[in-house]
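[1] the following comprises the amino acid sequence and a computationally predicted model.
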Amino acid sequence: MTPSWTTAAGRTRVGIVGLGPVGRAVARAVDGSLDGYLLTALSARRPAPAQEFADSLPSRPAVLRAQEVADACDLVIECAPAAIFDQIAQPVVEQGKTLVVLSAGALLNSWHLVDTARTTGATILVPTGALLGLDAVQAAAEGVVHSVRMTTRKPLRGLLDAPYLQDRRHLLGGATEPVRVFSGTAREAASGFPANLNVAVALALAGVGPDRTELEIWADPDLDRNTHQITVEADSASFSMSIANVPSENVKTGLITALSVVVLLRKRTSALQIGT
Ligand SMILES: NC(=O)C1=CN([C@@H]2O[C@H](COP(=O)(O)OP(=O)(O)OC[C@H]3O[C@@H](n4cnc5c(N)ncnc54)[C@H](OP(=O)(O)O)[C@@H]3O)[C@@H](O)[C@H]2O)C=CC1
Ligand SMILES: O=C([O-])CC(=O)C(=O)O
(Lines give C-alpha, C1' and ligand atoms only; values in the text may rest on other atoms or scores of the structure.)
(Ligands and ions follow the chains in the order given, each with its own letter.)
Protein backbone atom coordinates (compact mmCIF):
# COMPACT_ATOMS: atom_id res chain seq x y z
CA MET A 1 0.00 0.00 0.00
CA THR A 2 1.31 3.51 -0.81
CA PRO A 3 1.97 5.36 2.46
CA SER A 4 -0.58 8.13 2.86
CA TRP A 5 2.09 10.73 3.77
CA THR A 6 3.25 10.94 0.15
CA THR A 7 0.03 12.81 -0.76
CA ALA A 8 0.16 15.67 1.74
CA ALA A 9 0.00 18.52 -0.87
CA GLY A 10 0.83 21.44 1.36
CA ARG A 11 -0.99 20.33 4.46
CA THR A 12 0.83 19.74 7.74
CA ARG A 13 1.25 15.99 8.14
CA VAL A 14 0.19 15.05 11.67
CA GLY A 15 1.33 12.01 13.62
CA ILE A 16 -0.15 10.97 16.95
CA VAL A 17 1.66 8.67 19.36
CA GLY A 18 -0.60 7.23 22.03
CA LEU A 19 -4.23 6.34 21.35
CA GLY A 20 -5.78 6.68 24.78
CA PRO A 21 -8.63 9.18 25.27
CA VAL A 22 -6.40 12.13 24.32
CA GLY A 23 -4.85 10.62 21.19
CA ARG A 24 -8.12 9.23 19.86
CA ALA A 25 -10.08 12.43 20.40
CA VAL A 26 -7.38 14.52 18.74
CA ALA A 27 -7.12 12.02 15.86
CA ARG A 28 -10.86 12.21 15.24
CA ALA A 29 -10.76 16.01 15.25
CA VAL A 30 -7.78 16.25 12.89
CA ASP A 31 -9.31 13.63 10.63
CA GLY A 32 -12.67 15.32 10.44
CA SER A 33 -12.50 19.08 10.70
CA LEU A 34 -9.13 20.78 10.93
CA ASP A 35 -8.22 22.70 7.80
CA GLY A 36 -4.56 22.60 6.87
CA TYR A 37 -3.76 19.28 8.50
CA LEU A 38 -3.56 15.73 7.21
CA LEU A 39 -3.72 12.89 9.73
CA THR A 40 -0.82 10.78 8.47
CA ALA A 41 0.39 8.37 11.13
CA LEU A 42 -0.72 6.83 14.41
CA SER A 43 1.10 4.73 16.97
CA ALA A 44 0.10 2.76 20.04
CA ARG A 45 1.59 -0.03 22.12
CA ARG A 46 -0.77 -2.63 20.63
CA PRO A 47 -0.74 -2.48 16.82
CA ALA A 48 -3.99 -4.40 16.22
CA PRO A 49 -6.41 -2.01 17.99
CA ALA A 50 -4.44 0.91 16.55
CA GLN A 51 -4.90 -0.48 13.04
CA GLU A 52 -8.62 -1.02 13.66
CA PHE A 53 -8.94 2.59 14.82
CA ALA A 54 -6.90 3.88 11.84
CA ASP A 55 -9.14 1.93 9.45
CA SER A 56 -12.20 3.62 10.96
CA LEU A 57 -10.92 7.08 9.96
CA PRO A 58 -11.50 8.48 6.45
CA SER A 59 -7.87 9.66 6.10
CA ARG A 60 -6.60 6.12 6.71
CA PRO A 61 -3.40 7.05 8.59
CA ALA A 62 -0.55 4.56 8.66
CA VAL A 63 0.16 2.68 11.89
CA LEU A 64 3.85 2.96 12.74
CA ARG A 65 6.17 2.37 15.65
CA ALA A 66 6.58 5.36 17.95
CA GLN A 67 10.09 6.18 16.80
CA GLU A 68 9.07 6.03 13.10
CA VAL A 69 6.34 8.64 13.29
CA ALA A 70 8.71 11.62 13.00
CA ASP A 71 10.00 10.41 9.62
CA ALA A 72 6.49 10.45 8.18
CA CYS A 73 5.12 13.68 9.67
CA ASP A 74 5.74 17.42 10.07
CA LEU A 75 4.05 17.65 13.47
CA VAL A 76 3.92 14.90 16.08
CA ILE A 77 1.56 14.91 19.05
CA GLU A 78 2.91 12.95 22.02
CA CYS A 79 -0.01 11.50 24.04
CA ALA A 80 1.77 8.50 25.49
CA PRO A 81 3.25 7.38 28.83
CA ALA A 82 6.15 9.48 30.12
CA ALA A 83 8.42 6.40 29.97
CA ILE A 84 8.61 6.49 26.15
CA PHE A 85 8.83 10.26 25.79
CA ASP A 86 12.40 10.28 24.44
CA GLN A 87 11.68 7.64 21.79
CA ILE A 88 8.95 9.87 20.41
CA ALA A 89 10.42 13.31 20.97
CA GLN A 90 14.06 12.92 20.03
CA PRO A 91 13.61 12.14 16.31
CA VAL A 92 11.03 14.92 15.95
CA VAL A 93 13.34 17.51 17.47
CA GLU A 94 16.46 16.26 15.70
CA GLN A 95 14.63 16.53 12.36
CA GLY A 96 13.63 20.14 13.10
CA LYS A 97 9.92 19.34 13.15
CA THR A 98 7.12 20.32 15.54
CA LEU A 99 6.43 18.39 18.72
CA VAL A 100 3.29 18.80 20.83
CA VAL A 101 3.96 17.53 24.35
CA LEU A 102 1.26 16.17 26.68
CA SER A 103 3.72 14.46 29.04
CA ALA A 104 5.06 17.81 30.18
CA GLY A 105 6.67 16.22 33.24
CA ALA A 106 8.82 14.03 31.00
CA LEU A 107 10.04 17.08 29.10
CA LEU A 108 11.65 18.32 32.32
CA ASN A 109 13.83 15.20 32.42
CA SER A 110 14.76 15.62 28.74
CA TRP A 111 15.46 19.34 28.81
CA HIS A 112 18.41 18.91 26.44
CA LEU A 113 15.77 18.57 23.71
CA VAL A 114 14.95 22.25 24.13
CA ASP A 115 18.61 23.07 23.40
CA THR A 116 18.57 20.70 20.43
CA ALA A 117 15.43 22.43 19.13
CA ARG A 118 17.29 25.75 19.17
CA THR A 119 19.89 24.32 16.80
CA THR A 120 17.61 22.26 14.51
CA GLY A 121 14.78 24.82 14.25
CA ALA A 122 12.29 22.43 15.82
CA THR A 123 9.35 23.79 17.81
CA ILE A 124 8.16 22.24 21.07
CA LEU A 125 4.60 23.16 22.04
CA VAL A 126 3.16 22.48 25.49
CA PRO A 127 -0.61 23.00 25.38
CA THR A 128 -2.60 24.28 28.34
CA GLY A 129 -3.99 20.74 28.49
CA ALA A 130 -6.14 20.01 31.51
CA LEU A 131 -5.36 23.40 33.02
CA LEU A 132 -6.42 27.02 32.47
CA GLY A 133 -5.03 30.51 32.43
CA LEU A 134 -1.48 29.89 31.23
CA ASP A 135 -1.82 33.06 29.15
CA ALA A 136 -2.24 35.16 32.32
CA VAL A 137 0.60 33.34 34.07
CA GLN A 138 2.91 33.97 31.12
CA ALA A 139 1.91 37.63 30.95
CA ALA A 140 2.60 38.03 34.68
CA ALA A 141 5.98 36.33 34.22
CA GLU A 142 7.03 39.14 31.86
CA GLY A 143 7.11 41.17 35.09
CA VAL A 144 7.93 40.04 38.61
CA VAL A 145 6.09 37.01 39.96
CA HIS A 146 6.27 36.60 43.72
CA SER A 147 4.63 33.19 43.98
CA VAL A 148 2.70 30.53 42.06
CA ARG A 149 0.83 27.94 44.11
CA MET A 150 -1.37 25.10 42.93
CA THR A 151 -3.56 22.75 44.94
CA THR A 152 -4.70 19.65 43.08
CA ARG A 153 -7.49 17.45 44.40
CA LYS A 154 -8.06 14.08 42.81
CA PRO A 155 -10.26 11.07 43.44
CA LEU A 156 -8.26 8.30 45.15
CA ARG A 157 -8.44 6.06 42.10
CA GLY A 158 -6.74 8.75 40.00
CA LEU A 159 -3.62 8.64 42.18
CA LEU A 160 -3.19 5.00 43.16
CA ASP A 161 -0.56 4.10 40.52
CA ALA A 162 1.70 7.10 41.28
CA PRO A 163 5.30 6.01 42.11
CA TYR A 164 5.43 8.55 44.96
CA LEU A 165 2.61 6.71 46.71
CA GLN A 166 3.93 3.16 46.20
CA ASP A 167 5.63 3.06 49.60
CA ARG A 168 3.30 5.60 51.20
CA ARG A 169 0.03 3.69 50.93
CA HIS A 170 -0.48 4.33 54.63
CA LEU A 171 -1.22 7.96 53.70
CA LEU A 172 -4.29 6.81 51.82
CA GLY A 173 -5.32 4.07 54.23
CA GLY A 174 -9.07 3.67 54.19
CA ALA A 175 -9.39 7.44 53.82
CA THR A 176 -12.92 8.70 54.28
CA GLU A 177 -11.82 12.36 54.35
CA PRO A 178 -9.51 14.34 52.05
CA VAL A 179 -5.82 13.57 52.73
CA ARG A 180 -2.86 15.70 51.70
CA VAL A 181 -0.50 13.23 50.03
CA PHE A 182 2.16 15.60 48.69
CA SER A 183 3.56 19.05 49.29
CA GLY A 184 6.55 20.21 47.28
CA THR A 185 7.66 21.67 43.98
CA ALA A 186 6.40 20.97 40.47
CA ARG A 187 9.74 19.28 39.69
CA GLU A 188 9.34 16.89 42.63
CA ALA A 189 5.74 16.17 41.59
CA ALA A 190 6.80 15.42 38.00
CA SER A 191 8.96 12.50 39.11
CA GLY A 192 6.59 11.26 41.83
CA PHE A 193 3.40 11.54 39.76
CA PRO A 194 4.47 11.17 36.08
CA ALA A 195 0.98 10.34 34.79
CA ASN A 196 -0.96 12.65 37.10
CA LEU A 197 0.70 16.04 37.37
CA ASN A 198 1.70 17.16 33.90
CA VAL A 199 -0.47 20.19 34.57
CA ALA A 200 1.85 21.34 37.37
CA VAL A 201 4.79 21.27 35.01
CA ALA A 202 2.91 23.17 32.29
CA LEU A 203 2.08 25.80 34.92
CA ALA A 204 5.73 25.92 36.00
CA LEU A 205 6.98 26.35 32.45
CA ALA A 206 4.52 29.19 31.89
CA GLY A 207 5.53 30.99 35.07
CA VAL A 208 8.41 30.77 37.52
CA GLY A 209 9.85 27.36 36.68
CA PRO A 210 9.62 23.90 38.26
CA ASP A 211 11.61 24.71 41.41
CA ARG A 212 9.58 27.76 42.45
CA THR A 213 6.11 26.47 41.57
CA GLU A 214 4.61 25.12 44.79
CA LEU A 215 2.17 22.28 44.78
CA GLU A 216 -0.10 20.38 47.13
CA ILE A 217 -1.87 17.19 46.12
CA TRP A 218 -4.92 15.95 47.99
CA ALA A 219 -6.61 12.60 47.59
CA ASP A 220 -10.31 13.17 48.08
CA PRO A 221 -12.61 10.15 48.35
CA ASP A 222 -15.70 12.27 47.65
CA LEU A 223 -14.47 13.77 44.38
CA ASP A 224 -15.28 12.51 40.92
CA ARG A 225 -13.38 15.26 39.09
CA ASN A 226 -9.72 16.29 39.06
CA THR A 227 -9.66 19.85 40.36
CA HIS A 228 -6.82 22.35 40.20
CA GLN A 229 -6.78 25.64 42.14
CA ILE A 230 -4.03 28.12 41.20
CA THR A 231 -3.04 31.32 43.00
CA VAL A 232 -0.57 33.80 41.52
CA GLU A 233 0.93 36.86 43.21
CA ALA A 234 2.76 39.17 40.83
CA ASP A 235 3.64 42.85 40.50
CA SER A 236 1.15 43.24 37.63
CA ALA A 237 -1.77 41.30 39.15
CA SER A 238 -2.94 38.88 41.78
CA PHE A 239 -5.25 36.19 40.57
CA SER A 240 -6.67 32.82 41.42
CA MET A 241 -8.43 30.37 39.19
CA SER A 242 -9.72 26.83 39.35
CA ILE A 243 -10.94 24.08 37.09
CA ALA A 244 -12.89 20.89 37.81
CA ASN A 245 -12.24 18.44 35.01
CA VAL A 246 -14.76 15.90 33.84
CA PRO A 247 -12.77 12.64 33.53
CA SER A 248 -12.37 10.82 30.24
CA GLU A 249 -12.33 7.01 29.99
CA ASN A 250 -8.96 7.34 31.74
CA VAL A 251 -9.89 8.69 35.20
CA LYS A 252 -6.53 10.43 35.40
CA THR A 253 -7.19 12.50 32.27
CA GLY A 254 -9.73 15.26 31.91
CA LEU A 255 -11.86 15.48 28.74
CA ILE A 256 -10.73 19.05 28.21
CA THR A 257 -7.12 17.93 27.58
CA ALA A 258 -7.75 16.79 24.02
CA LEU A 259 -9.87 19.86 23.28
CA SER A 260 -6.94 22.04 24.32
CA VAL A 261 -4.75 20.31 21.73
CA VAL A 262 -7.40 20.77 19.04
CA VAL A 263 -7.54 24.50 19.79
CA LEU A 264 -3.76 24.74 19.66
CA LEU A 265 -3.77 23.15 16.18
CA ARG A 266 -6.66 25.27 14.96
CA LYS A 267 -5.01 28.46 16.20
CA ARG A 268 -1.79 27.77 14.30
CA THR A 269 -3.63 28.08 10.99
CA SER A 270 -6.23 30.74 11.88
CA ALA A 271 -6.34 34.32 10.55
CA LEU A 272 -7.92 35.48 13.83
CA GLN A 273 -6.16 34.22 16.95
CA ILE A 274 -7.57 34.86 20.43
CA GLY A 275 -5.50 34.77 23.61
CA THR A 276 -1.73 34.79 23.94
N1 LIG B 1 -0.61 18.05 29.88
C2 LIG B 1 -1.81 17.78 30.38
O3 LIG B 1 -2.58 18.66 30.74
C4 LIG B 1 -2.24 16.37 30.48
C5 LIG B 1 -1.42 15.36 30.07
N6 LIG B 1 -1.83 14.07 30.13
C7 LIG B 1 -0.89 13.05 29.63
O8 LIG B 1 -1.26 12.78 28.28
C9 LIG B 1 -0.91 11.45 27.94
C10 LIG B 1 -2.10 10.78 27.27
O11 LIG B 1 -3.17 10.65 28.18
P12 LIG B 1 -4.24 9.47 28.00
O13 LIG B 1 -4.80 9.51 26.62
O14 LIG B 1 -5.16 9.54 29.15
O15 LIG B 1 -3.26 8.21 28.15
P16 LIG B 1 -3.53 6.65 28.27
O17 LIG B 1 -2.64 6.16 29.34
O18 LIG B 1 -4.99 6.34 28.35
O19 LIG B 1 -3.02 6.10 26.85
C20 LIG B 1 -1.66 6.01 26.56
C21 LIG B 1 -1.49 5.52 25.13
O22 LIG B 1 -0.09 5.36 24.89
C23 LIG B 1 0.11 4.16 24.15
N24 LIG B 1 1.45 3.63 24.30
C25 LIG B 1 2.00 3.00 25.38
N26 LIG B 1 3.23 2.56 25.06
C27 LIG B 1 3.46 2.90 23.77
C28 LIG B 1 4.51 2.69 22.86
N29 LIG B 1 5.65 2.05 23.23
N30 LIG B 1 4.41 3.16 21.59
C31 LIG B 1 3.29 3.81 21.20
N32 LIG B 1 2.23 4.04 22.01
C33 LIG B 1 2.31 3.59 23.27
C34 LIG B 1 -0.96 3.21 24.70
O35 LIG B 1 -1.14 2.17 23.75
P36 LIG B 1 -2.28 1.02 23.96
O37 LIG B 1 -3.60 1.73 23.69
O38 LIG B 1 -1.98 0.01 22.94
O39 LIG B 1 -2.16 0.58 25.38
C40 LIG B 1 -2.15 4.17 24.85
O41 LIG B 1 -2.83 4.23 23.62
C42 LIG B 1 -0.45 10.80 29.26
O43 LIG B 1 0.96 10.81 29.30
C44 LIG B 1 -0.98 11.70 30.34
O45 LIG B 1 -0.17 11.67 31.49
C46 LIG B 1 -3.10 13.73 30.52
C47 LIG B 1 -3.95 14.70 30.95
C48 LIG B 1 -3.59 16.09 31.02
O1 LIG C 1 -1.96 16.65 34.80
C2 LIG C 1 -2.39 15.60 34.31
O3 LIG C 1 -1.65 14.78 33.68
C4 LIG C 1 -3.84 15.25 34.37
C5 LIG C 1 -4.68 16.07 35.22
O6 LIG C 1 -4.30 16.53 36.27
C7 LIG C 1 -6.03 16.34 34.79
O8 LIG C 1 -6.48 15.80 33.76
O9 LIG C 1 -6.70 17.15 35.45
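    Everything's here; your move. Ligands and ions are numbered 1, 2, ... in the order given.
[2] contacts only, for Asp167.
    Under the criterion of Cβ atoms under 8 Å, 6 or more residues apart in numbering, Asp167 has no neighbours. C-beta: built from backbone N, CA, C; applies to glycine.
[3] where does the prediction get shaky in the protein?
    Residues of the chain meeting the criterion pLDDT under 70: 1-9, 173.
[4] quick check, central residue of it?
    For the chain, Leu102 is the residue whose C-alpha lies nearest the centre (Cα atoms, centre = their mean; 1.9 Å).
[5] how much space separates that one from Ala139?
    Leu102 sits 23 Å away from Ala139, taking Cβ to Cβ, to the nearest Å as the criterion.
[6] same check, this time on Arg118
    According to Cβ to Cβ, Arg118 and Ala139 sit 24 Å apart.
[7] same check on Ser147?
    Ser147 is 16 Å from Ala139, by Cβ to Cβ.
[8] where exactly do the helices run in the stretch 151-276 of the chain?
    Secondary structure of the stretch 151-276 of the chain by DSSP state H, counting those that start in this stretch: the helices cover 163-166, 169-172, 186-192, 198-206, 256-268.
[9] near ligand 1, which residues of the stretch 51-200 of the chain show up?
    Within reach of ligand 1 by Cβ under 6 Å from any ligand atom, the stretch 51-200 of the chain has these residues: 66, 79-82, 84, 102-104, 129-131, 195, 198-199.
[10] sorry, back to before: JSON lines please, covering the helices of the stretch 151-276 of the chain and showing distance to ligand 2 and mean neighbour count.
    Putting these into JSON lines (distance: least, Cβ to the nearest ligand atom, whole Å; neighbours: other Cβ atoms under 10 Å) gives the following:
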{"stretch": "helix 163-166", "distance to ligand 2": "14", "mean neighbour count": "16"}
{"stretch": "helix 169-172", "distance to ligand 2": "18", "mean neighbour count": "11"}
{"stretch": "helix 186-192", "distance to ligand 2": "9", "mean neighbour count": "22"}
{"stretch": "helix 198-206", "distance to ligand 2": "4", "mean neighbour count": "27"}
{"stretch": "helix 256-268", "distance to ligand 2": "6", "mean neighbour count": "19"}
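[11] could you dump the ones you listed into CSV with distance to Trp218 added?
    Listed next are the helices of the stretch 151-276 of the chain as CSV, based on distance: least, Cβ to Cβ, whole Å:
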stretch, distance to Trp218
helix 163-166, 13
helix 169-172, 11
helix 186-192, 13
helix 198-206, 13
helix 256-268, 20
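[12] out of those, which gets nearest to Asp71?
    Counting by Cβ to Cβ, Asp71 lies closest to helix 256-268 out of the helices of the stretch 151-276 of the chain; the figure is 20.5 Å.
[13] how about that closest one and ligand 1, touching?
    Yes: Helix 256-268 lies within reach of ligand 1 by Cβ under 6 Å from any ligand atom, at Thr257.
[14] helices and strands around that helix, which ones?
    Applying 3 or more Cβ pairs under 8 Å, 6 or more residues apart in numbering; DSSP states H and E, we find helix 256-268 packed against helix 21-33, strand 98-101, strand 238-245.
[15] that older thread, now do the contacts for the residue nearest to the centre of the chain.
    Gly18, Val22, Ile77, Glu78, Cys79, Ala80, Pro127, Gly129, Asn198, Thr257, Val261.
[16] make it 7 Å
    Residues near Leu102 by Cβ atoms under 7 Å, 6 or more residues apart in numbering: Val22, Glu78, Cys79, Gly129, Asn198.
[17] for the fourth one, give me its contacts.
    Meaning Gly129. When the contact criterion is Cβ under 7 Å, 6+ apart, the partners of Gly129 are Leu102, Asn198, Val199, Ala202, Thr257, Ser260.
[18] give me the element it is part of.
    Secondary structure assignment for Gly129, by DSSP states H and E: no helix or strand.
[19] what are the ranges of the helices in the stretch 1-150 of the chain?
    21-33, 47-55, 69-72, 85-94, 104-109, 112-120, 134-141.
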